[in-house]
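Undergrad: Could you look at this predicted model? Sequence included:
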Amino acid sequence: MANSTSGSHGHVPRFLHERLIAYQAATELLRSLRPIVDRLPAGNADARDQIKRAGLSILLNLAEGSADGSAAERARFFRIALRSAAEIAASLDALELLGIAVSKPMDTARTNLHRVVALIAALHRSIAPKRQG
């Protein structure tokens, strides 16, 4: 697993998941989603909650996937994190299509989202059981 000497906010990581570059990137993603959800007009609580839940799901599943367990179990958590990233992508698309979201924060969030997906996919590939066939 990818390691770093310092986690988000410059503190020294104490937990294994904090050393994952994917986890650190996911914290940046969550940070970049905040201006989007904070600026959603009234009447969009469902979209706001969905984006927040999906962002938290990525973090939590990366943490669980980095914990001890079989390769198959860890891969399952990383797949769930990828699915949550897909939920965020679709939510951002919907906000844009409905004319609700602001462009600059959306661009930043999408850039961060692409990075998170690539990193989680690499983690998943590195531990997923190889299929015979």
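TA: Received it, and whenever you're ready, just let me know what you need.

Undergrad: any low-confidence regions in the chain?
TA: 1-11, 13, 129-133 (pLDDT under 70).

Undergrad: What's the local residue count around the closest residue to Ala71 other than its chain neighbours?
TA: The spatial neighbour of Ala71 that comes closest, neighbours along the chain excluded (C-beta to C-beta, 6 or more residues apart in numbering), is Ile127 at 4.7 Å. C-betas here are computed from N, CA, C, even on glycine. A count of neighbours around Ile127, defined by other C-beta atoms under 10 Å, yields 15.

Undergrad: surely Ile127 meets Glu73?
TA: No - if you go by C-beta atoms under 8 Å, Ile127 and Glu73 don't touch, sitting 9.7 Å apart.

Undergrad: what's near enough to touch the residue nearest to Ala71?
TA: Taking C-beta atoms under 8 Å, 6 or more residues apart in numbering, we find Ile127 in contact with 71, 74-75, 78.

Undergrad: With Pro105 instead?
TA: Counted by C-beta under 8 Å, 6+ apart, Pro105 has contacts 32, 35-36, 39.

Undergrad: any idea where the helices of this structure begin and end?
TA: 21-38, 45-66, 71-97, 103-127 (DSSP state H).

Undergrad: looking at these, which is closest to Phe15?
TA: helix 45-66 (7.3 Å; C-beta to C-beta).

Undergrad: tell me the angle of that closest one relative to helix 103-127?
TA: Going by axes from the mean of the first three to the mean of the last three C-alpha atoms, to 10 degrees, helix 45-66 is angled at 30 degrees with respect to helix 103-127.
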